[in-house]
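Participant: I need the structure of the sequence given here:
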Amino acid sequence: MREIVVFSGSAHPELASEVCAHLGVPLSPVRVDRFANDCLEVQLQANCRERDVFLIQPLVAPVQEHLVELLLMCDAARGASASRITVVMPHYAYARSDKKDAPRISIGGRLVADLLVESGASRVLAMTLHSPQVHGFFSVPVDHLHALRELAEHFRRYDLSRTTVVSPDLGNAKEAAAFARLLGVRVAAGAKQRFADDRVQISAVIGDVAGRDLIVLDDEIAKGSTVLELLDRLRELGPRTIRVACTHGLFAAGALQRLSAQPDVLEIVCTNTVPVPAEDGKLKVLSIGPALAEAVRRIHDGESVSALFDAP
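Facilitator: You can find the predicted model right below:
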C-alpha cells in the first residue's frame, strides 16, 4: 500500500495508530503549532504528492479546535497535491444540528459539511451519524459505517432468550430494530420529547419490556439525560435486567459516573470512536479500529464499502 498516507489530528491519535497497525502502514507525523495571536498552523510531515491521503479526526471536545485543525489538514493536503483526500471522521459532533427547529438558528451540520468540502475533502468516512439526512449535507461521497456488528458480537455472549432492545426515542428506532434483528430479539422504543439540551421527557415505552432483559441502545451518550429518563420509565414496567449500549461514549459532565451509579444497570458498552475515560467496573469499550481500517483499505482499492457496513 505504497500510495496511501494516513495522518491523525490531535483528537484521537490512539485510534489512528490502531487503524494504521491493521493496515500495515505507518502513521505519518503532523506538526500543530499555535501562534502568539492564538491561530493554529498545521504541517503534514510526509509526502502527499499524488498520494491517497486519509485524515483521521473525530470532532470531540474541544470541538471547534479539532474542527479548525481538520480544516487546516485538508487544506495542507490539497496544497501538497494529494490525489484524493478522505476525511475519516468517526464522530461528527455537528450532526446533531441537522434541522431548523427554532427561528434564526444555523444548521451547523450542513455548514460544517460545506467547510470540509471547501477545504479540500474529496470523500468522507463517518460512523453512526446522528440522523440520516446529515449524509445528504455533503456534496462529496460519504461512506456511512455503523458499529452494530461490534456491539452484537459483544452481547451474543449472554443468554438472549428473554431480551428486548430498547431505543430511547422513535428517531433511533430504525437502528435499534436493525440491532435487534442481528441478535434475533424483540425491540421497543420510548416516546420522547426534548425541551432543552439536557432536559427530556419520555412519556411511555412502546413494546414488551416487563420481566425481560433489556439492552438500551442509543447512537451517543453525552450528558446521559435521555438514558437516565428512560431508565426511570423502564423501572416502572419491571424489567429483569438492564444494560446500556451506544456507539459514541462522550460521557460529558459526569455522565459515566451517574450511569454507573444506577444499581440496576449491569453494564455500559460503547466503542472507541471517541477517547473514552478509563474503564470502570461497568464500562466496556469495544474497538472499531479493524472496521475503520477495512473501510479505508476498500476505499483505497476501489472496492465496495457498503457490502460490509450497510445496516441489514
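Participant: can you pull the buried residues of stretch 13-20?
Facilitator: Residues of stretch 13-20 classed as buried: 15, 16, 18, 19, 20 (neighbour count, 16 or more other C-beta atoms under 10 Å). Quick note: C-beta positions are derived from backbone N, CA and C, even for glycine.
Participant: can you tell me how far residue 173 is from residue 43?
Facilitator: Distance of residue 173 to residue 43, computed by C-beta to C-beta, to the nearest Å: 45 Å.
Participant: these two: which is more packed in?
Facilitator: residue 173 (21 against 13; other C-beta atoms under 10 Å).
Participant: what strand or helix carries the more buried one?
Facilitator: helix 173-183 (DSSP states H and E).
Participant: can you list the low-confidence ranges for the stretch 201-312 of the chain?
Facilitator: Across the stretch 201-312 of the chain, the ranges flagged by pLDDT under 70 are 278-279, 309-312.
Participant: the same query, at a cut-off of 90, please.
Facilitator: 201-204, 225, 253-254, 276-281, 306-312 (pLDDT under 90).
Participant: residue ranges for the strands of it, please.
Facilitator: Chain-ordered strands for the stretch 201-312 of the chain, with DSSP state E, counting those that start in this stretch as the definition, fall at 213-221, 241-249, 265-271, 283-286.
Participant: CA atoms only: put the last one into PDB for me.
Facilitator: Once side chains and other backbone atoms are set aside, the C-alpha atoms of strand 283-286 remain, and they are given as PDB (Å, rounded to 0.1, in the frame of the first residue of the first chain):
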ATOM      1  CA  LEU A 283     -17.900   0.200  31.300                       C
ATOM      2  CA  LYS A 284     -16.700  -1.900  28.400                       C
ATOM      3  CA  VAL A 285     -15.100  -0.200  25.400                       C
ATOM      4  CA  LEU A 286     -15.100  -2.100  22.000                       C
END
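Participant: partners of it in the sheet?
Facilitator: According to DSSP bridges, strand 283-286 forms sheet pairs with strand 265-271 (parallel).
Participant: in the strand it pairs with, what counts as buried?
Facilitator: For strand 265-271, by 16+ other C-beta under 10 Å, it's 265, 267, 268, 269, 270, 271.
Participant: most widely separated two among the residues you listed?
Facilitator: 265 and 271 (18.1 Å; C-beta to C-beta).
Participant: picking that back up, JSON lines for the buried residues of stretch 13-20, including secondary structure?
Facilitator: Converted to JSON lines, the buried residues of stretch 13-20 look like this (DSSP: H, G, I helix; E, B strand; the rest coil):
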{"residue": "15", "secondary structure": "helix"}
{"residue": "16", "secondary structure": "helix"}
{"residue": "18", "secondary structure": "helix"}
{"residue": "19", "secondary structure": "helix"}
{"residue": "20", "secondary structure": "helix"}
